[in-house]
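In: Predicted coordinates and the sequence they were generated for:
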Amino acid sequence: MGKAPGFLDFDDRLKRLSDLGDQLEASGRAVDFEIFRPDLVAALAYSTG
């Protein structure tokens, strides 16, 4: 049985993904996601309460 990842392993995994060329980071550099913020806030606001 393999060793389960621990709490402190999370940062190591994110760094490894980044070093390998994380597609989310590449998308974040190419797309200004802030233009979607008003829509996301409105969509999420209805569920509060």
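Out: Structure's in. What do you need? Numbers count the residues shown, from 1 in each chain.
In: Starting from the longest helix anywhere in the chain, tell me the next helix or strand along the chain.
Out: Counting residues, the longest helix found in the chain (DSSP state H) is helix 9-20. Downstream of helix 9-20, the first helix or strand assigned by DSSP states H and E is helix 23-30.
In: Tell me the spacing between the residue nearest the centre of the chain and Ala42.
Out: Centroid-nearest residue in the chain, with C-alpha atoms, centre = their mean: Leu24, separated by 7.1 Å. Going from Leu24 to Ala42 by C-beta to C-beta, to the nearest Å gives 23 Å. Backbone N, C-alpha and C define where each C-beta goes, glycine included.
In: cool, Ala26 as well?
Out: Taking C-beta to C-beta as the criterion, Ala26 is separated from Ala42 by 27 Å.
In: Helix 23-30 and the longest helix of the chain, what's the angle between them?
Out: 60 degrees (axes from the mean of the first three to the mean of the last three C-alpha atoms, to 10 degrees).
In: Could I have the CA atoms of helix 9-20 written out in PDB?
Out: Taking Å, rounded to 0.1, in the frame of the first residue of the first chain, the C-alpha atoms of helix 9-20 are listed here in PDB:
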ATOM      1  CA  ASP A   9       3.000  17.600   0.700                       C
ATOM      2  CA  PHE A  10       0.400  19.900  -0.900                       C
ATOM      3  CA  ASP A  11       2.900  22.700  -1.500                       C
ATOM      4  CA  ASP A  12       5.300  20.300  -3.000                       C
ATOM      5  CA  ARG A  13       2.700  18.900  -5.400                       C
ATOM      6  CA  LEU A  14       1.700  22.500  -6.500                       C
ATOM      7  CA  LYS A  15       5.400  23.400  -7.100                       C
ATOM      8  CA  ARG A  16       5.900  20.200  -9.100                       C
ATOM      9  CA  LEU A  17       2.800  21.000 -11.200                       C
ATOM     10  CA  SER A  18       4.100  24.500 -11.800                       C
ATOM     11  CA  ASP A  19       7.500  23.200 -12.700                       C
ATOM     12  CA  LEU A  20       5.900  20.800 -15.300                       C
END
